[in-house]
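Engineer: Have a look at this fold, sequence not included:
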């Protein structure tokens with residue numbers, strides 16, 4: 001990881017440590033990339049509680065508590081699924097703040113959603129924020145862009161928490 005790539009995970013860990021909050025991840029599309037990047041930062045163990053790689057819908061349901069009917073009706077590439085994944089990670093990891101990713105990285109559409117469709121959610125005690133994003137490029141590029149966007153969403157949420165605004169609509 002080069003210095004530029006390491007800056008965002010370091011910013012997240014440093015902000016979480018300063019704010020005294022714990023963080024967790026629930027990853028489908030990114031399959032553990034977010035947690036792995038966070039764990040490269042010295043001191044991450046002081047804030048990173050853990051993560052769930054929920055690549056399969058059964059894991060989303062059984063571990064994270066995502067509603068079966070939602071998965072059946074909307075598929076796994078959905079904002080509501082991302083919300084429930086983040087809430088589930090927060091619960092199962094006993095974390096203050098959790099981030100989730102789900103999407104279609106390609107090479108073909110998934111659950112009727114176009115390649116590059118990504119949903120990121122961040123959950124905290126003050127609520128949940130979800131982003132509907134679209135990225136171009138190949139599979140690895142889409143996954144990396146989703147990871148970076150999730151880290152940035154996590155950083156913004158922690159900063160909001162530290163400022164006392166707890167506004168997840170930023």
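Structural biologist: Noted; the coordinates are in hand. Just so it is clear, the structure is predicted and the values come from calculations on it, not from any experiment. Numbers count the residues shown, from 1 in each chain.

Engineer: middle-most residue in this protein, spatially?
Structural biologist: Nearest to the geometric centre of the chain sits residue 100, at 2.6 Å (Cα atoms, centre = their mean).

Engineer: Quick one: list the elements packing against the longest helix seen in the chain.
Structural biologist: Identified as the longest helix of the chain according to DSSP state H is helix 139-163. Contact partners of helix 139-163 among helices and strands, from 3 or more Cβ pairs under 8 Å, 6 or more residues apart in numbering; DSSP states H and E: helix 3-19, strand 23-27, helix 33-39, strand 97-103, strand 117-124, strand 127-134. Backbone N, C-alpha and C define where each C-beta goes, glycine included.

Engineer: quick one: the shortest one to strand 117-124, angle?
Structural biologist: Translated: strand 23-27. Angle, strand 23-27 to strand 117-124, by axes from the mean of the first three to the mean of the last three Cα atoms, to 10 degrees: 150 degrees.

Engineer: What average pLDDT does strand 23-27 get?
Structural biologist: Strand 23-27 shows a mean pLDDT of 98.

Engineer: what about the nearest residue to residue 37 once chain neighbours are set aside, distance to residue 152?
Structural biologist: Leaving aside its chain neighbours, residue 37 sits nearest to residue 9 (4.4 Å; criterion: Cβ to Cβ, 6 or more residues apart in numbering). Distance, residue 9 to residue 152, by Cβ to Cβ, to the nearest Å: 11 Å.

Engineer: more neighbours, these two?
Structural biologist: residue 9 (24 against 16; other Cβ atoms under 10 Å).

Engineer: check contacts around that one.
Structural biologist: By Cβ atoms under 8 Å, 6 or more residues apart in numbering, the residues touching residue 9 are 37-38, 40-41, 151.

Engineer: please redo it, this time with the cut-off set to 6 Å
Structural biologist: 37-38, 41 (Cβ atoms under 6 Å, 6 or more residues apart in numbering).
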